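1. Provide a 3D model corresponding to the input given below.
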Amino acid sequence: MNDLQLLRYSRHILLAEIGIEGQQKLNESQVLIVGLGGLGSPVALYLAASGVGKLTLCDADTVELTNLQRQILHRNSSLGLSKAASAQVTLLDINPCIEIQALNERLAEARLDELVAQADLVLDCSDNFATRYALNAACFRWHKPLVSGASIQFSGQVAVFDFRSPASACYQCLYPADTDAEEIRCATMGVFAPLVGMIGSLQASEALKLLIGIPSALSGKLWVVDALNMLPRTVVLHRDQDCLVCSSG
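-> Below is the predicted model:
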């Protein structure tokens, strides 16, 4: 790190749990973020500000007026732009020391597999089961940690699947693909703006710790919060012996 980087990241370096070695690990890390909406906004902002060396940003949507209530990466001036391009501008303004790959595309399986293979860690900030299942399978295949988040109305959740551990449960253990899970979108149900900040910030926190080498307290767990009444709870996840993804590995 040069002198400017040492100054930029000095508040991290002062933490005994991080120090120069931990910050250097962040600087040398490559992270894939899928989804640049309500959850992806705080995730990307904190990872960029913290000095994660390369961020690959994936989102095929464009910025709309209804996004601005909660998607803090984007600005009124970004309306009509791709979310990936809008995010890249914001993040490089915050931290020009990092590298950003902005992908305005829906990831086919082969492309997704390629991006997951290149990353040190993956953050699922998407809003649909198809993407979540595909990311889960790719991360399991390549033994990459996956930090998953979701939020709707006043309810949010975070789960960490560290596939570097052979005993880790996976997303499909939690939500089997052969069940009739209902897909609920913000467009029809609404979402409390600060909730996505809470969930995305927690995703970023767990991701940074994993990259540094600090064990995640949420590894193998699901953290759920009702933001209306501030009632959090934690559920321990167990590997499903009949899981179509991880039981076959």
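
2. what is the neighbour count of residue 217?
-> For residue 217, the count of nearby residues is 13 (other Cβ atoms under 10 Å). Glycine gets a C-beta too; all of them are placed from N, C-alpha and C.

3. look at it and tell me its secondary structure.
-> Local secondary structure at residue 217 is given as coil here, using DSSP: H, G, I helix; E, B strand; the rest coil.

4. low pLDDT regions in this structure?
-> Low-confidence regions of the chain, defined here as pLDDT under 70, cover residues 179-188, 248-249.

5. try it again at 50.
-> 249 (pLDDT under 50).

6. all strands for the protein, in order.
-> Using DSSP state E, the strands of the chain run over 30-34, 54-58, 99-103, 121-124, 146-152, 155-161, 221-226, 231-236.

7. now these in CSV, with distance to residue 91 and mean neighbour count?
-> As requested, those are exported to CSV (distance: least, Cβ to Cβ, whole Å; neighbours: other Cβ atoms under 10 Å):
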stretch, distance to residue 91, mean neighbour count
strand 30-34, 10, 25
strand 54-58, 7, 23
strand 99-103, 6, 17
strand 121-124, 14, 26
strand 146-152, 18, 25
strand 155-161, 22, 24
strand 221-226, 26, 17
strand 231-236, 29, 11
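
8. including distance to residue 242, could those go into a markdown table?
-> As requested, these are arranged in a markdown table below (distance: least, Cβ to Cβ, whole Å):
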| stretch | distance to residue 242 |
| --- | --- |
| strand 30-34 | 27 |
| strand 54-58 | 31 |
| strand 99-103 | 34 |
| strand 121-124 | 23 |
| strand 146-152 | 20 |
| strand 155-161 | 17 |
| strand 221-226 | 19 |
| strand 231-236 | 19 |
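
9. ok, now which ones touch the residue lying closest to residue 78 once chain neighbours are set aside?
-> Residue nearest to residue 78 in three dimensions, not counting chain neighbours: residue 86, with 3.9 Å by Cβ to Cβ, 6 or more residues apart in numbering. With Cβ atoms under 8 Å, 6 or more residues apart in numbering as the criterion, the residues that contact residue 86 are 36, 63, 73, 74, 75, 78.

10. among those residues, find me the one that's closest to residue 237.
-> Within the set of the contacts of residue 86, residue 36 lies nearest residue 237; the separation is 26.6 Å, counting by Cβ to Cβ.

11. and stretch 148-167, end to end?
-> Stretch 148-167 stretches 18 Å from its first residue to its last (Cα to Cα, to the nearest Å).

12. sorry, back to before: out of the strands of the chain, flag the one nearest residue 244.
-> With distances scored as Cβ to Cβ, the stretch of the strands of the chain nearest to residue 244 is strand 155-161 (15.1 Å).

13. fine by me, thanks again.
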